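Enquirer: fold the following.
(one chain, ligands or ions: 1)
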Amino acid sequence: MKKIAILGSTGSIGSNSLKVIEANPDRYKVLALAAGQNIDLLIRQVEKYHPAAVAILDEDHADLLKARFKHRSKPRVYSGQQGFVRIATMDEVDTVISAMTGAAGLIPTYQAIKAGKNIALANKETMVMAGPLVMAAATERRVSILPVDSEHSAIFQSLQGHPREDVKRVILTASGGPFREMGLEAMERVTPEQALQHPNWTMGRKITIDSATLMNKGLETIEAKWLFDLEMDQISIVIHPQSIIHSMVEYRDGSIIAQMGIPHMMTPISYALSYPHHIETELPPLNLDEIDNLSFKSPDLKRFKCLALALKAAESGGSMPAVLNGANEVAVDRFLKGQIKFLQIPGLIEKTMEAHDPFSIESIESVMEADKWARTTAVGLLKDLND
Ligand SMILES: NC(=O)c1ccc[n+]([C@@H]2O[C@H](COP(=O)([O-])OP(=O)(O)OC[C@H]3O[C@@H](n4cnc5c(N)ncnc54)[C@H](OP(=O)(O)O)[C@@H]3O)[C@@H](O)[C@H]2O)c1
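Expert: Alright, predicted model coming up:
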């Protein structure tokens with residue numbers, strides 16, 4: 001029986017994780033849940049899954065939860081980042097599903113690793129910001145970090161049973177998002193509502209915008225670099241609009257091993273929890289005879305400048321990926337609030353990166369310093385965006 005804590009239980013990955021757990025009560029037990037703002041959903045989850053502990057971002061919300069659950073089997077209630085760390089490091093927990101959005105996931109995930117917990121990792125920002133530190137901590141504590149991201153799950157599955165020295169490169173697939181075929185002029189006028197319409201996947205708002213700008217693929221490239229110990233020139237990206245092949249590994253004899261399936265996150269979540277087994281899900285099967293065409297082409301780095309910026313940040317290394325991530329979080333938030341245009345997202349990130357003097361990251365504190373610097377600088381640069 002795996003005893004699980006979910007960071008970000010009220011999100012898209014969190015909710016799908018709970019479905020996987022609920023379908024396998026003999027394998028998994030929910031011990032702790034953590035959420036940001038959605039107290040109503042967290043209450044419903046507590047009533048359904050009876051966790052021993054919960055954490056929520058705001059103290060006021062934590063007080064409401066304490067008042068609500070007064071009965072004998074009430075969960076312990078914590079708040080804020082400290083609260084997230086408490087539940088991610090609870091003695092009884094052996095696996096943490098890291099599924100918060102953005103930089104908020106880094107410290108609880110890192111502390112969970114330090115406390116010896118295995119990680120099912122959805123929060124790619126953790127790897128983007130602090131990949132070398134996170135991997136070093138995982139090696140030291142001998143914990144596994146199993147990918148939940150569908151592309152990384154596909155790579156992980158395609159690596160099984162093959163000697164690592166035979167790997168030539170990995171090929172990340174990208175759907176291309178809703179603006180795959182759109183010209184730059186039309187992209188100028190894209191609204192948040194349009195950008196939130198992903199053609200193949202149902203996901204949280206931030207990652208959906210990252211998919212529309214292709215920043216998501218850039219973040220995934222950095223995640224893959226650290227997770228699979230690859231050089232940047234061993235990672236290729238192809239646009240594959242059907243989202244049927246979730247990624248591939250090419251070996252030195254020319255063989256390419258791919259993992260396929262319908263685009264649904266319950267498959268990679270389930271594999272991250274059940275590895276090395278593939279357990280039943282209630283998902284519909286992939287009917288190959290209903291697929292006319294699987295197509296592939298290179299991404300356009302001129303129209304999707306966020307991807308080019310992420311690759312540049314990865315090459316530059318040190319604090320730059322954390323700066324890219326922090327500036328992106330500010331830009332996406334402002335775009336969703338209607339304060340900047342779609343094509344100003346890469347503009348703001350680029351200006352922030354240009355203003356940054358990268359330093360090496362020796363500790364999580366130095367990563368957080370880079371993150372804070374990026375956010376403050378990006379906010380300060382907002383007014384210059386129209387120049
Ligand atoms: N969705 C996917 O298909 C998918 C696929 C691959 C990877 N991922 C990655 O998984 C992570 C989660 O994505 P998602 O789509 O599930 O996002 P989501 O639906 O927006 O959910 C995000 C979760 O994080 C919580 N959260 C947000 N900000 C927080 C903060 N400051 N402090 C504490 N909790 C906070 C949210 O809480 P409230 O809602 O309660 O505020 C929610 O539980 C991201 O890193 C994403 O890149 C997602």
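Enquirer: ok, the helix or strand encompassing Val379 near the ligand or not?
Expert: Using DSSP states H and E, Val379 sits in helix 364-381. No. Using CB under 6 Å from any ligand atom, helix 364-381 stays clear of the ligand, coming no nearer than 12.4 Å. For the C-beta atoms, the positions are set from N, CA and C on the backbone; glycine is no exception.
Enquirer: which outside residues touch that helix?
Expert: 103, 106-107, 110, 129-130, 133, 319, 322-327, 329-331, 348-349, 351-352, 355-356, 359-361 (CB atoms under 8 Å, 6 or more residues apart in numbering).
Enquirer: can we see that at 6 Å?
Expert: With CB atoms under 6 Å, 6 or more residues apart in numbering as the test, helix 364-381 has contacts from 103, 110, 129-130, 319, 322-323, 326-327, 330, 348, 351-352, 355, 361.
Enquirer: what are the buried residues along that helix?
Expert: Going by neighbour count (16 or more other CB atoms under 10 Å), the buried part of helix 364-381 is Ile364, Ser366, Val367, Met368, Ala370, Asp371, Trp373, Ala374, Arg375, Thr377, Ala378, Leu381.
Enquirer: can you check stretch 37-44 too?
Expert: Under the neighbour-count criterion of 16+ other CB under 10 Å, stretch 37-44 has Asn38, Ile39, Leu41, Leu42, Ile43 buried.
Enquirer: pLDDT score assigned to the second one?
Expert: Read it as Ile39. Looking at Ile39, its pLDDT reads 98.
Enquirer: residues in the chain within reach of the ligand, list them.
Expert: Contacts of the chain with the ligand, taken as CB under 6 Å from any ligand atom, map to 8-14, 35-38, 57, 99-101, 104, 122-125, 149, 201, 203-207, 265.
Enquirer: just the buried ones from those residues?
Expert: 8-14, 35-36, 38, 57, 99-101, 104, 122-125, 149, 201, 203-207, 265.
Enquirer: which stretches in the stretch 201-350 of the chain count as strands?
Expert: 235-239, 245-251, 256-260 (DSSP state E, counting those that start in this stretch).
Enquirer: mind listing what the last one pairs with, with the direction of each?
Expert: For strand 256-260, the pairing partners within the sheet under DSSP bridges are strand 245-251 (antiparallel).
Enquirer: restricting to C-alpha, output the partner strand in CSV.
Expert: The C-alpha trace of strand 245-251 is given here as CSV (Å, rounded to 0.1, in the frame of the first residue of the first chain):
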residue,chain,number,x,y,z
ILE,A,245,2.9,9.6,-29.8
HIS,A,246,3.8,11.1,-26.5
SER,A,247,7.6,11.1,-27.1
MET,A,248,10.4,8.9,-28.3
VAL,A,249,13.9,7.7,-27.8
GLU,A,250,16.3,7.1,-30.6
TYR,A,251,19.1,4.6,-30.2
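Enquirer: ok, now which ones touch Leu65?
Expert: Here Leu65 is in contact with Val77 (CB under 6 Å, 6+ apart).
Enquirer: ok but it is inside a strand, no?
Expert: No. Residue state for Leu65 (DSSP: H, G, I helix; E, B strand; the rest coil) corresponds to helix; a strand is not indicated.
Enquirer: phi and psi next, for Val167.
Expert: Note on Val167: backbone dihedrals following degrees, to the nearest 10 are phi -70, psi 130.
Enquirer: what's the most buried one of the strands of the stretch 201-350 of the chain?
Expert: Of the strands of the stretch 201-350 of the chain, the one with the most neighbours on average (mean count of other CB atoms under 10 Å) is strand 245-251, at a mean of 22.
Enquirer: which residue packs closest to whichever residue of the stretch 101-250 of the chain sits closest to the ligand, ignoring adjacent ones?
Expert: Going by CB to the nearest ligand atom, the ligand is nearest to Gly204 of the stretch 101-250 of the chain, at 2.4 Å. Once flanking residues are discounted, Gly204 sits nearest to Ser12: 4.8 Å by CB to CB, 6 or more residues apart in numbering.
Enquirer: ok, now how distant is that neighbour from Asn325?
Expert: 19 Å (CB to CB, to the nearest Å).
Enquirer: take the buried residues of stretch 37-44 and keep only those in helices.
Expert: Using DSSP state H, Ile39, Leu41, Leu42, Ile43 are the members of those that sit in helices.
Enquirer: quick one: these as CSV, columns for distance to Pro192 too.
Expert: Putting those into CSV (distance: CB to CB, whole Å) gives the following:
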residue, distance to Pro192
Ile39, 25
Leu41, 22
Leu42, 26
Ile43, 29
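Enquirer: now, which of the residues you listed sits nearest Gln197?
Expert: Leu41 (22.9 Å; CB to CB).
Enquirer: pretty sure the closest one contacts Thr10?
Expert: Yes. When contacts are counted by CB atoms under 6 Å, Leu41 is listed as touching Thr10 (4.5 Å).
Enquirer: picking that back up, okay if I get the buried residues of stretch 37-44 as JSON lines plus distance to Leu230?
Expert: Output for the buried residues of stretch 37-44, formatted as JSON lines (distance: CB to CB, whole Å):
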{"residue": "Asn38", "distance to Leu230": "36"}
{"residue": "Ile39", "distance to Leu230": "41"}
{"residue": "Leu41", "distance to Leu230": "37"}
{"residue": "Leu42", "distance to Leu230": "37"}
{"residue": "Ile43", "distance to Leu230": "43"}
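Enquirer: let me know whether Ser236 touches Ile171 as I believe.
Expert: Yes. Shown here, Ser236 and Ile171 form a contact pair, counting by CB under 6 Å, at 4.8 Å.
Enquirer: send over the helix holding Val379 as PDB, restricted to the C-alpha atoms.
Expert: Taking C-alpha atoms only, helix 364-381 is exported to PDB below (Å, rounded to 0.1, in the frame of the first residue of the first chain):
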ATOM      1  CA  ILE A 364      17.700  26.300  -3.100                       C
ATOM      2  CA  GLU A 365      18.100  29.800  -1.500                       C
ATOM      3  CA  SER A 366      20.100  31.000  -4.500                       C
ATOM      4  CA  VAL A 367      17.400  29.600  -6.800                       C
ATOM      5  CA  MET A 368      14.700  31.400  -4.900                       C
ATOM      6  CA  GLU A 369      16.800  34.600  -5.100                       C
ATOM      7  CA  ALA A 370      16.900  34.300  -8.900                       C
ATOM      8  CA  ASP A 371      13.100  33.700  -8.900                       C
ATOM      9  CA  LYS A 372      12.500  36.700  -6.800                       C
ATOM     10  CA  TRP A 373      14.800  38.900  -8.900                       C
ATOM     11  CA  ALA A 374      13.100  37.700 -12.100                       C
ATOM     12  CA  ARG A 375       9.600  38.500 -10.800                       C
ATOM     13  CA  THR A 376      10.500  42.000  -9.500                       C
ATOM     14  CA  THR A 377      12.500  42.800 -12.700                       C
ATOM     15  CA  ALA A 378       9.700  41.500 -15.000                       C
ATOM     16  CA  VAL A 379       7.100  43.600 -13.100                       C
ATOM     17  CA  GLY A 380       9.400  46.600 -13.400                       C
ATOM     18  CA  LEU A 381       9.800  46.100 -17.100                       C
END
